[in-house]
Each structure stands twice: as C-alpha cells, then as structure tokens.
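> Mind folding the following:
(chains A and B)
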Amino acid sequence: MSNTTAAATPGAFQFPEIYNFPPFFTRQPNESTWQEQRRQWCDLILAYYKHNRLYSLTLAEAITEPPFTNRQIHRSLRVDVLRELVDDLVKQGNASWTGAKNAKDSCLVLWRKPEVWASMIYQWANERGLFNTVLTVFELANGDDAVGQEFHNLDSVTLRRALDVLQSQGKAQLFVGTSDEDMGVKLFV
Amino acid sequence: MNPVELAPTQRPLLSSSEKILCIQNKVGLYQGLERDEEHDCGTVYLTTQRLVYVDQQLPHERSLALNHQAIHRCTLHGGFLYTSAKICLYLKPKPTNGSDRDAQPAEGSGTSGYNRQKGAQGTTLLETTGTTNMYGQARPGSSAGPIEWKCNICDQINRGGIKCTLCGVPHQGNYESTDTCNVAADTRPVNASGAERQPLRCPVCTFDNHESMVRCEMCDTGLSKPDEAAADQTNAAPSESTEYQRLRTQEQANSGRDSNDAISLIKLSFRAGGASAFYATLKGAVDNSAWELIGIDSFGEHTVPPAPLQGQQQSAAVAAAGTSAAAANSPLLARERRPTTGGISTIVNTAHETQQARDVTLRSAFSDLDALTAKANEIVSMAEHIATQLNSPAASKLHRKGAAESDEDNAERVDAFRQYLLDLGIDSPVTRDTAGAVFHDELARELCDYLENYVSQCGGTVALVDAYCLYNRAREFSLVYPSDFVQACEKFEALRLPLRLREYPSGLLVLEDASSASDALVISRVGAYIASFGPITASDLAAIEDCALTLAEERLWLCERAGALCRDESVEGVRFYANAFAAAAAAAVGAGRGEGDVQDPLWQYI
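Numbers count the residues shown, from 1 in each chain, chains lettered A, B, ... in the order given. The predicted structure follows:
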C-alpha cells in the first residue's frame, strides 16, 4: 500500500486470517508458539491503528472492541495478555505508557515512530520555507498548510513527541505559550 | 543343584502350586567347607518345593535350585565376629553309585564342576572334598585328593580352597608351580585321568612348565594345554583364575569317585542377616515336603496340598479336589476300577465324579473364610479351567460387537468374568514377612511380572493409580501401602526391569512400557485425530483412545509442549488445534520477512 497517500484510507480494515483462529486469543503456554503469536498480534495492532489513525489505547476499554475482540468467533483477548503485548511494543519503540506510573492502564500507540514524524515535518518545513519562523504547534499540525500531509490532525501528544525529537536534534526550538496548549515552535535549518 | 529358569524380572519361575515362603539377599554358597566363588552373592528364594539361588551378577547363567527332597537335614550356625551366620544343608546320598561314575563333570557355563546325575528325579547332589585328610593323602577307596598348593606369602601348604588358611590371601596369582608342587603332585598316586603328569613345554623359551600352568613361568607366553581327560578344560578363560578353576574341576572329578555313604554338604552364608527366620521357614518347608515325598513315591503323581494329612496320605495324593475322606474314597475306588473297565462309561463316570468333587469343594469352601483360604488353590484352578473354556472360539464370538441382544448380555458377563480372573492373578504375593530387607526389590519384580501384559494392552501407558488398584485387588488379602508401591516403582530403572515410572510436569505419575511408549508416536496420533475430527478437547481424546481422562490431558499437553498443538481457552473449555502459528512462522521465515509495513523506510528522508 502506498505510503504517500495523505488521508486515512477509507474502507474497512482487512483482518489477517489468523484473526479468525480461536487460539489466537489465548495466551499460548508453549514459548515458541507464543513468540509467533505475539509477533502477529503486534503487527495487527500497529496496522489497525495506523489504518484507523488512532493514537491512544486504554486497556480496559479496548478489550471489548476490535481488534481485541472478534465477535464472529466469540473470543476476546484478556487484559493481562494485552498488557504483555503493549510491553512488547514499548520495548520495540512503537508504544509508550501514559497515565500513572506503573499503572499500565493506558498507552500511546506510536505506529509511526516520533523520529519518522519529525523527519516528515522537517521535510515539509523545508519545502514550504518555514525555517526561522515561529509557528504555534496547533497551526503546524492543523493549519491549512498541513492539509494533505500525513501529519495533518496529528494527535497532540504524538506531535509533541516528534517536536521533542527535533529539538533534541537541534533542528527546532519549543516555546511555552500562554498555556500548555499554546506552544510555539521555531524550526531551523 | 540344578540350573534354574528365571523370569525376565529375575525371579524364579514357579510351578503352579509353588509358593514363595521367604526371600533373603546377600547370600553366598559354600560347597562343602569352601566358598563357592561363582555363587558368592545373590538372593535366595525359599519356596514350598525348592531352594532357589539367583546370582546377583549373572542371574541367568549362575542361578541354581535345590529340591527340598534332596535335603537330609539342616542346621543353623550363628554368626560370630567376622564369620556370618550359616545354614548347613546336609544332602541325602545319591541312590545309585554306578550312574555317578559315568557322569561327566559339568560343562562350562555357570555350574563349575558340579556333577550331574542323569537320574529320574533330576536332582543333583554336590559333593565335597572332605574325603581326604589334611595332607592331601587320599583315603583308601578314592583316587587323588585335592590339589595342594603353597601360599606365596606365608609358605603355608594349603589343601584346596581359595584362601590360604593361615594368612587369608586369596589363591589367584599366588600359585607357585614350582618344584614343591610338582613334588607334591608326584607323590600322589596316578590322577583321575589315569595319565602320567607331563610337563608343559613352552614353545618360545622351551622351559618345562607344570602341566597345569596357563602361561609360561619364564617368558609369560600363553601355553596351550594338551588334550586331557577332564572335559572342563573348555572353560579355560585366559585369566589366572582359570588355573584355580581347573584345579577345582579336577578335584570335582576326583571326588566324583567318592564312596557312596559320604553325605554332601552345602552351606548358605547370610552376609546380611536374616538367617534365623530363614532357617525356621526352611525347616517347616523341608518337613512339609517330606510328606509330599511319600505321596509322590506311592503313586508317581504330583500332589497338591502341603498340609500333612494323618492317615489320609494315599487318598489325598489321588484326590484332585476335596480333602475330605468321603470324596477321597470314591475316586480311589474309581481308579482301582479303571484298569478293568474302559470306554465311554469310564469317561462318563470320571466326569460325574469330578463334578461331585467340585460340588463338595464349593460347598465346603464358601462355608467360612478359613475354609476359603485353605481351599484357595482349588478354587483358583477351577476358575482357570472355566477361563480356558471361556477363551475358546465359541465364547469369543459372544464378545464381538454388534451381536444380538442376548449375546451382548452374555458378552458382558464373559467380560466381567475375565476381568475377575485378571484379579486372581497372584498366588504368592510378596510381603514384608517373606522378603524382609529386599521387600521393595521383590515387590518391583512382582509388579513387573503382573503388570507388563496389562500395560502393553492399554497402549503402553497406565496411570499409577489404576495400576495400584489393580494390583491390590489381585493381592486379595495382603495389600500394599501406596508409599511402598511408589518406592517399588522407583526401583524399576535400577533393576533394569521393562517398566518405568514417569512423572509428567503436571505431577501425574504413570507406568510406561520402557520400550514401546514414545512421545513421537503420541504426537503423530493426536495430529491425525485433529486432522480428521477437527479441534479436540481432553474428553474427546479420552473417548477416542479409551484411556483415563488425566492421561488424555497429559497427552495433549505433551503435544503442546512439543509445539504440535495450540490451545484455545474459553468458557466452553480448553480445545486444542493444530499449531497454525508454527506454520505461519515457518512460512514467514521461508518468504524472507523484511521490514514491517508499519514503519516508513527512513532512508528516504534522512
């Protein structure tokens, strides 16, 4: 599937075959089987979130919804198993826990890593010649200029992460505005 | 003593009416007054008819048996300091002399130099070297005495035996084939073979060795012996002990010509104790067999009941079933009548009498418990007779599935009876009284004997609980504790028996046939079931394989651990599928999995 389309692809998400296999929803005791199962789950989560442009995941709520529930075969994933999966994603760098420390109730699904977002934003800024101008963060993501870009309407937390990456790379500088919502950013060459 | 046949579990094979009375391990045999090196350590089983020695190292080659009827009397000598307790068995002299003179000395394996009598009874008596006096001079009437040898260490001249009597150093490697021995040999009269002693010339250094040497004294090359009369030259193994053995076998050959009224002697040395209990039981058994001896001789037939019968011996010897006087008399009369009448009437009469005897037995047997235990033997034989009738083709037709309604009922009854007969399996169970210290070992062997068939019938694996119940039911009165049972099962491996105790990770204990049970078989079988029936649960598998539910669960878990199955847990229970993950993993590896779709290839931007 092409990576340059900007809008979220409409249409239903195509679940893989394994999604209809009941044992997929049971944590397998056999280690090697579990490895494979975990891998397939992580792929599924990231693909689903990407397709639907969802960014955050609250465990308790997500359990009752697809992709963690398959109504056709009446199976659902258990919370502790999901927690294990998210831990895996965190290790992979594709998620991070939010909320209370060690509570592990909600997380951010980074189906695209912040670094990648950062490069995209930088590239776009380069094209538009927006270096050395101060923008609000809101304007950056949701402004007219951003229409058609992948990061249009990007979730604010993710956006913030991406900008932090740029800042650490020395390519941007964040300013605190009147409130947390109202941050400004200046991009350099 | 005869060589004896052993079951694969190294217990002696008993005849149908033989029961084991006592078992003792770490017993050594003495032939006469000397230790018998080949039968030095083993287990002795005392049965109602025989004394069986099972060697520990080479059980199938070196085991011997001795009938009680050959024992004249027995005495017990208690142990003192370093000598262990001994039971001396004085054997009856042989009935005939002539056959012995012609008897060849024993062949190679196992029974070194024991003479064999080709008599009707098949019993063999040991003879000792106690027919010569201390200095090796032969007694009148017998030819050459035991070999004299001079101990290397203390220069003591010993008469036969393994150890030097003064310093106790064993004989092997000690043997001096120097002139002293040659001198001693020369002073003796002509040896048994009748030939003059010829020195053996070494082919390498031409030194004249003593004729009984194996290796040359000077240059240590092997010597080949000239052909001698003694047939047991064939067991000359290239070791120093052969020399000794050859001497001994010559002794045996010599002592075979002994006078008739020498009473032979065997001693049992109890190195681990238990002598007094064994002795008491032995005395009882020998006394009982004395009664049987009378029974045998008068009618030439084997009798069953061990209890002595006053004044009824002859009739009891004849009666197949009842021991009451009334039943005994009529068969006796019938047999007397038999030689004169023949044909169908006799057969009919015999059948009639058997039937009557059986009726009497049944009536008296079930009157009370004591009578039942006394009659247990006869009841068992009756049951076995019925079993053989049931096993005939006519009965097996009933058992086939899909038969008519009435046939099915019969089949069930047949099945139940068969099951009951399985329970009557054990005649002489092993108890602490009989076995003492070796209780667990003996129990393990008995278990193996009994359960081996059952385990292989059940497909190679039986839950321990099931085996325990079955075994205890067969033992009837003297049950075993579960802890004893488990301990005995743990010894299977050590005793190299065909069954194994196995513990699964979930804690289930099973008995497995060591040779036939295999994990790979189970996995392939279960895979086949899933392929044909779809995903299965444990109860499905138990129904298909006709095994216990716990066992079915274990098998499924086994397959899961091996990666052949994956599970699906839901409110309906646990169901097992063929492992699609493994297939997917293999496919992914095969296709060369690249970067995931989720991440943009970064190299485009950086």
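> pLDDT on the lengthiest helix in chain A, on average?
When chain A is parsed with DSSP state H, its longest helix is helix A:31-52. Average pLDDT, helix A:31-52: 89.
> Pull out the buried residues from it.
Neighbour counts over helix A:31-52 (16 or more other C-beta atoms under 10 Å in any protein chain shown) mark A:33-34, A:36-42, A:44-51 as buried. Where you see a C-beta, it was placed from the backbone N, CA and C, and this is true even at glycine.
> filter the residues you listed down to the ones near chain B?
Restricting the buried residues of helix A:31-52 to those within reach of chain B (C-beta under 8 Å from any C-beta of the partner chain) leaves A:33, A:36-37, A:40, A:46-47, A:50.
> Residues of chain A that sit close to chain B?
Checking chain A against chain B by C-beta under 8 Å from any C-beta, the hits are A:1, A:3, A:18, A:21-23, A:25-26, A:28-30, A:32-33, A:35-37, A:40, A:43, A:46-47, A:50, A:74-75, A:94, A:111-113, A:115-116, A:119-120, A:123.
> redo that, cut-off 6 Å
A:3, A:21-23, A:26, A:28, A:30, A:32-33, A:36-37, A:46, A:50, A:111, A:116, A:119, A:123 (C-beta under 6 Å from any C-beta of the partner chain).
> residue contacts, residue 51?
All of this refers to chain A. A:F13 (C-beta atoms under 6 Å, 6 or more residues apart in numbering or on different chains).
> Can you look at chain B instead?
Taking C-beta under 6 Å, 6+ apart, one finds B:L66 in contact with B:L51.
> how about 8 Å then?
B:44-45, B:65-68, B:71, B:89, B:282 (C-beta atoms under 8 Å, 6 or more residues apart in numbering or on different chains).
> Tell me the helix or strand right after the helix or strand harbouring it.
Using DSSP states H and E, B:L51 maps to strand B:50-55. Later in the chain than strand B:50-55, the nearest helix or strand by DSSP H and E is strand B:64-67.
> Listing partners with orientation, what would you give for that next one?
Note on strand B:64-67: by DSSP bridges, its sheet partners are strand B:2-3 (antiparallel), strand B:50-55 (antiparallel).
> What are the buried residues along the longest strand seen in chain B?
Criterion DSSP state E: the longest strand present in chain B is strand B:20-31. Within strand B:20-31, the residues that qualify as buried are B:20-31, counting by 16+ other C-beta under 10 Å.
> show me what contacts the residue most central in space within chain A?
Centroid check for chain A by C-alpha atoms, centre = their mean gives A:L110 as the closest residue, at 2.7 Å. Shown in contact with A:L110 (C-beta under 8 Å, 6+ apart): A:93-96, A:158, A:161.
> now those residues as CSV including pLDDT?
Below are the contacts of A:L110 laid out as CSV (pLDDT from 0 to 100):
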residue, pLDDT
A:G93, 84
A:N94, 86
A:A95, 87
A:S96, 85
A:T158, 83
A:R161, 84
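> Most neighbours of all those, which one?
Counting neighbours by other C-beta atoms under 10 Å in any protein chain shown, A:A95 comes out on top of the contacts of A:L110 with 24 neighbours.
> Run through the residues that contact it.
Counted by C-beta under 8 Å, 6+ apart, A:A95 has contacts A:57, A:86, A:89, A:107-110.
> Show me these that map onto strands.
Judged by DSSP E, the subset of the contacts of A:A95 located in strands is A:57, A:107-109.
> Closest to chain A out of the contacts of B:L51?
The nearest member of these to chain A, counting by C-beta to the nearest C-beta, is B:Y45 at 49.6 Å.
> Bridging across strands, which residues link to the closest residue to the closest one other than its chain neighbours?
Distances taken as C-beta to C-beta, 6 or more residues apart in numbering or on different chains place B:V52 nearest to B:Y45, at 4.4 Å, with adjacent residues excluded. On the basis of DSSP bridges, B:V52 is bridged to B:Y45, B:A65.
> Point to the helix or strand of chain A where mean pLDDT is at its lowest.
helix A:137-142 (a mean of 79; mean pLDDT, DSSP states H and E).
> So what's the gap between that one and the chain middle?
18 Å (C-alpha atoms, centre = their mean, to the nearest Å).
> now for it, which elements pack on it?
The contact analysis (3 or more C-beta pairs under 8 Å, 6 or more residues apart in numbering or on different chains; DSSP states H and E) places helix A:137-142 against helix A:156-169, strand A:184-187.
> Which strands or helices does the helix or strand that the first one is followed by pack on?
Which is helix A:156-169. Tracing the chain past helix A:156-169, the next element assigned as helix or strand by DSSP H and E is strand A:172-175. Contact here means 3+ C-beta pairs under 8 Å, 6+ apart; on that basis strand A:172-175 packs against helix A:156-169, strand A:184-187.
> Strand A:172-175: partners in the sheet, and parallel or antiparallel?
The pairing partners recorded for strand A:172-175 under DSSP bridges are strand A:184-187 (antiparallel).
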